[in-house]
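Participant: here is a sequence together with a model predicted from it:
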Amino acid sequence: MAIADLVHEIETLKRPNRETDVKIALAVGWQRKVEHSGKDDGSRNVIWYWQGEAASRLPNFTGSIDASLQLLDMVSPRFAGGFSWLVKEHQKTATAKVNDEPFSHAETPALALCLAALKIKQTQLNEG
């Protein structure tokens, strides 16, 4: 999936989504290994790796501010910026501004931070 498509997907999300977390992880360089149990039930175990190190679990990028800040650190270790959010009745709007990238608007702060991280990654790929 192209990062531009993933950016659009996150802009339309209303809540955290683990499938989107997987797409984000793969887009920024995480790797996964699937091990099948060998049983007839089809069960499997997925092991995630970041820079060669196994992780006990894939971070909840779209649902956790801490995890989305970790994502930013993965793509831009020296980032500077901030985020804010506004809640009006049934509408939530969050905004993140990181480095020299454009503002990122989403439903929640974690989603806005994920957008900012993906925009940075997209800029890096376009410059490389």
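Facilitator: Looks like it came in fine.
Participant: and the lengthiest helix in the chain, what other elements does it pack with?
Facilitator: In the chain, assigned by DSSP state H, the helix with the most residues is helix 109-127. Where contact means 3 or more C-beta pairs under 8 Å, 6 or more residues apart in numbering; DSSP states H and E, helix 109-127 is packed against helix 3-12, helix 18-28, helix 65-75, strand 81-88, strand 91-98, strand 104-106. (Glycine included, C-beta is placed from N, CA and C.)
Participant: okay, these, which one's buried deepest?
Facilitator: Ranked by mean neighbour count, the helices and strands packed on helix 109-127 are led by strand 104-106 with a mean of 21 (mean count of other C-beta atoms under 10 Å).
Participant: what lies in contact with that one?
Facilitator: By C-beta atoms under 8 Å, 6 or more residues apart in numbering, the list of residues contacting strand 104-106 from outside reads 10-11, 13, 93-98, 112-116, 119.
Participant: could you export the helices and strands packed on helix 109-127 as a markdown table, including distance to R44 and mean pLDDT?
Facilitator: Converted to a markdown table, these look like this (distance: least, C-beta to C-beta, whole Å; pLDDT from 0 to 100):
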| stretch | distance to R44 | mean pLDDT |
| --- | --- | --- |
| helix 3-12 | 24 | 95 |
| helix 18-28 | 14 | 97 |
| helix 65-75 | 24 | 96 |
| strand 81-88 | 36 | 90 |
| strand 91-98 | 35 | 89 |
| strand 104-106 | 32 | 94 |
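Participant: tell me the secondary structure for the residue of the chain most remote from its centre?
Facilitator: Relative to the C-alpha centroid of the chain, counting by C-alpha atoms, centre = their mean, D40 is the outermost residue, at 33.8 Å. Following DSSP: H, G, I helix; E, B strand; the rest coil, we place D40 in the coil state.
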